[in-house]
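>>> Using only what follows, build the 3D model:
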Amino acid sequence: MAEEMTIEAYLAAGGVLTSPINVPPRYRAELMKLMTMFVDSELAGAAGFADIINQGPGIKERIAAAKIVLEKTDNAYRVLRIMGEFGVNTDKYANHHPWTARLARDADIGATRTEHDMRLAVFNYPLSGWADAVTMNLIMGRAVAVQMSELSMVSYQPLAEQFRAIAPIEARHAELAEEGLAKLLEDDANRAGIQASVDYWWPRVAASFGSATSRKADALKASGLRRLTNAELKARWQSEAKAVLERLGLKAG
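Below is the predicted model of the structure:
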């Protein structure tokens, strides 16, 4: 990138960001934050779901759960490799944080993060059995789908390409969760417990979209790291997730 140009001017002129050497410090800091949040959330999410695999009611369910854990870990590694190009020690990263660490079930931290890592706040809460895990994966899976549509358009091209490859994998995870929940709901005795899980996870997933107002929003848009506001992304998730839940005869929290 030409040194005399701002990142905004460079992108507006059709410039393409393709390597660590052509990104300025401020952009680099925000890009690293974005990647770290994604990697930490994927690793923490996979670690939490791994503990639930053997609670699956059948072999097919356990295979599906194991595949989700594998793919989320691989998705994290795809982005971690890009972080490695910026100097992150990828070999030690997997053991750098306690990915299985969770708060008490009744904790309420909103959108704040703990001292563990940069995972989204929702991944600090524990899963409570198979049905609860499937419910969480459905509701959060719909949120991930919305976020991936945004992340797939980031201005750092190597990362955007990885996010575009990851997006359909994450979308399939949400589909598997919907299929799994539909099967559980065939037994009406499960309905009340699943609705309770919806009520529990809905506000926690909603909080993962962050504040409706952000002082950084305009700067992030100008640098191509954001297109839509938190409020716009959250509204889209609410609409799509509510429609899925209603199809299953459940009410959004």
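
>>> how about low-confidence regions in this protein?
1-5, 13, 214 (pLDDT under 70).

>>> Can you show me the helices along it?
Assigned by DSSP state H, the helices in the chain fall at 7-12, 25-50, 59-85, 90-93, 130-151, 157-184, 191-207, 217-222, 230-247.

>>> What lies in contact with the first one?
Right, the one you point to is helix 7-12. For helix 7-12, contacts defined as C-beta atoms under 8 Å, 6 or more residues apart in numbering pick out 1, 2, 17, 23, 24, 26, 27, 155, 222, 223, 224. C-betas here are computed from N, CA, C, even on glycine.

>>> what is the third one paired to in the beta sheet?
In this entry, residue 17 is beta-bridged to residue 156, by DSSP bridges.

>>> what's the closest non-adjacent residue to the most centrally placed residue in the chain?
Central residue of the chain (C-alpha atoms, centre = their mean): residue 144, 4.7 Å from the mean position. With C-beta to C-beta, 6 or more residues apart in numbering as the criterion, residue 144 has its nearest non-adjacent residue at 4.9 Å, and that residue is residue 170.

>>> Surely the one you found and residue 78 touch.
No: the pair residue 170 and residue 78 fails to qualify as a contact (C-beta atoms under 8 Å) at a distance of 11.7 Å.

>>> who's in contact with the residue nearest to the centre of the chain?
Counting by C-beta under 8 Å, 6+ apart, the residues that residue 144 touches are 170, 173, 174.

>>> And for the last one, the neighbour number?
Okay, so that is residue 174. Other residues within reach of residue 174, judged by other C-beta atoms under 10 Å, total 21.

>>> how about it, what does it touch?
With the criterion set at C-beta under 8 Å, 6+ apart, residue 174 makes contact with 137, 138, 141, 142, 144, 145.

>>> pretty sure the second one contacts residue 178?
Yes: distance between residue 138 and residue 178: 5.6 Å, which falls inside the contact criterion (C-beta under 8 Å).

>>> Any chance you could list what contacts stretch 66-74?
By C-beta under 8 Å, 6+ apart, stretch 66-74 touches 42, 43, 45, 46, 49, 50, 53, 137, 169, 173, 176.

>>> Then stretch 230-250?
138-139, 142-143, 145-147, 150, 178, 181-182, 185, 191, 194-195, 198, 205-206, 209-214, 217, 251-252.

>>> Buried residues, that stretch. List them.
Neighbour-count burial for stretch 230-250 flags 230, 233, 234, 236, 237, 238, 241, 242, 244, 245, 248, 250 (criterion: 16 or more other C-beta atoms under 10 Å).

>>> Distance from that stretch to the middle of the chain?
16 Å (C-alpha atoms, centre = their mean, to the nearest Å).

>>> can I have that stretch written out in CSV, keeping just the CAs?
These are the backbone C-alpha positions of stretch 230-250, laid out as CSV (Å, rounded to 0.1, in the frame of the first residue of the first chain):
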residue,chain,number,x,y,z
ASN,A,230,-24.4,-4.7,15.3
ALA,A,231,-28.1,-3.8,15.4
GLU,A,232,-28.6,-4.8,11.8
LEU,A,233,-26.9,-8.1,12.2
LYS,A,234,-28.8,-8.9,15.4
ALA,A,235,-32.1,-8.0,13.8
ARG,A,236,-31.4,-10.3,10.9
TRP,A,237,-30.5,-13.1,13.3
GLN,A,238,-33.7,-12.6,15.4
SER,A,239,-35.9,-12.8,12.3
GLU,A,240,-34.2,-15.9,10.9
ALA,A,241,-33.8,-17.8,14.2
LYS,A,242,-37.4,-17.0,15.2
ALA,A,243,-38.7,-18.4,12.0
VAL,A,244,-36.7,-21.7,12.6
LEU,A,245,-38.0,-22.0,16.1
GLU,A,246,-41.6,-21.4,15.1
ARG,A,247,-41.2,-24.1,12.5
LEU,A,248,-40.4,-26.4,15.3
GLY,A,249,-43.3,-25.2,17.5
LEU,A,250,-41.0,-23.3,19.8
